[in-house]
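**Q** this one's sequence-less:
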Ligand code: GLU
């Protein structure tokens, strides 16, 4: 077993000890229910055939069908997908939506693929896992380097196999074919609601400076929303590099610059910085919004932010979390901070099953309500149990999952 899943299980053990969970339930929660690994042959544009490896890990479905994103990244491996599937199980319980947790991934660098190759890869993956997914079984969604177009191909291929339209098999689709309004910005929007709630609880109003690592769907939209609400977004970065202006960046202009040059680097009026430097800037709020394990025991001591809002999954290692807790840095855990995505996925699925579509205002009002309720509960558990926010969120989740397991009959 390599690191990430081991870390996730350490968190599980820690929580079960605090809560005195019985042996049988802990044992069940320690392993995924099903692990699927497939080979996907793809005819490349040049005529060669290339075989890719794909995964789907179905962690637990005691509370409802498996739910979780599909990631395309060169570093995707089984250990990572298992950890991500476990976190989805926790996240859906914290958000109080009727799902279990799962995750999928393909080991691929999409920057090396043409659009046609990407489509064939996606359709091949769907054919390989079709029997294991479905609206009441397991519902994928976008994650790192997957997007609404990929979800559209997924839904189309699955519908062909079933011989009927099956929009509810994936979420995060384009609105033209059953996607929900507000799903594209939901992770960022949800994270923003959580941040505002927490700033209110901490009675922090002025001089909120923000640094954001990662400029994909979550990071870029978060930067945009925070900027629109007059927060000072002073630093952002993408996979290549970062930029910093202590006076604040004009986020809309940064987005234009990124769209025209392919990167945030060399933005006029800002200093280029590295991704590592960005994490250590003297900011009120640090938002890791890219990949796992960027805040580790090696740089935790150098973090100067008062609040770390985890928009990425697993950006802070356990050792780093402990160090930050000692330093009184408030880490708002991924399973709460980025749950806006899966919450609106749930709304999309409900709309698909009902064939009745909501206005954007309704989506946002329901997201606001659902994620603030979860935030208030995590906050209360944090105080009651005198633990960090991550442990509080895990206690809430494990309580719900264990109850469901017991009621169903383990
Ligand atoms: N990939 C996102 C996450 O990690 C969304 C999952 C979903 O909507 O099912 O939360």
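**A** Ah, there it is. Fair warning: this is a prediction, and the values are worked out from it, not measured in the lab.

**Q** what's the nearest residue to whatever residue of the stretch 1-150 of the chain ends up closest to the ligand if we skip its chain neighbours?
**A** Nearest residue of the stretch 1-150 of the chain to the ligand: residue 69, at 2.6 Å (C-beta to the nearest ligand atom). C-beta coordinates here come from the backbone N, C-alpha and C atoms, glycine included. Nearest non-adjacent residue to residue 69, counting by C-beta to C-beta, 6 or more residues apart in numbering: residue 143, 3.0 Å away.

**Q** returning to what we had before: how many neighbouring residues does the residue of the stretch 1-150 of the chain closest to the ligand have?
**A** 25 (other C-beta atoms under 10 Å).

**Q** I'd say it and residue 145 touch.
**A** No: contact criterion C-beta atoms under 8 Å: residue 69 and residue 145 do not qualify, at 10.5 Å.

**Q** so which helix or strand takes in residue 344?
**A** Element membership for residue 344 (DSSP states H and E) is helix 340-354.

**Q** show me what that helix is packed against.
**A** Helix 340-354 sits against strand 66-67, helix 78-94, helix 186-201, helix 360-385, with contacts defined as 3 or more C-beta pairs under 8 Å, 6 or more residues apart in numbering; DSSP states H and E.

**Q** avg pLDDT for the second one?
**A** pLDDT averaged over helix 78-94 equals 97, rounded to a whole number.

**Q** which strands or helices does it pack on?
**A** helix 3-19, strand 34-43, strand 49-60, strand 101-107, helix 334-337, helix 340-354, helix 389-408.

**Q** what residues are up against residue 96?
**A** 370, 373-374, 400 (C-beta atoms under 8 Å, 6 or more residues apart in numbering).

**Q** how many neighbours does the spatially closest residue to residue 397 that is not a sequence neighbour have?
**A** Excluding the flanking residues, the one nearest residue 397 by C-beta to C-beta, 6+ apart is residue 93, at 3.7 Å. For residue 93, the count of nearby residues is 30 (other C-beta under 10 Å).

**Q** right, and residue 93 touches residue 401 too?
**A** Yes: taking C-beta under 8 Å as the definition, residue 93 is a contact partner of residue 401 at 5.5 Å.

**Q** what do these two both touch?
**A** Shared contacts of residue 93 and residue 401, counting by C-beta under 8 Å, 6+ apart, come down to residue 63.

**Q** circling back: among the helices and strands packed on helix 78-94, which is nearest residue 178?
**A** Of all the helices and strands packed on helix 78-94, the one in closest proximity to residue 178, counting by C-beta to C-beta, is helix 340-354 (5.2 Å).
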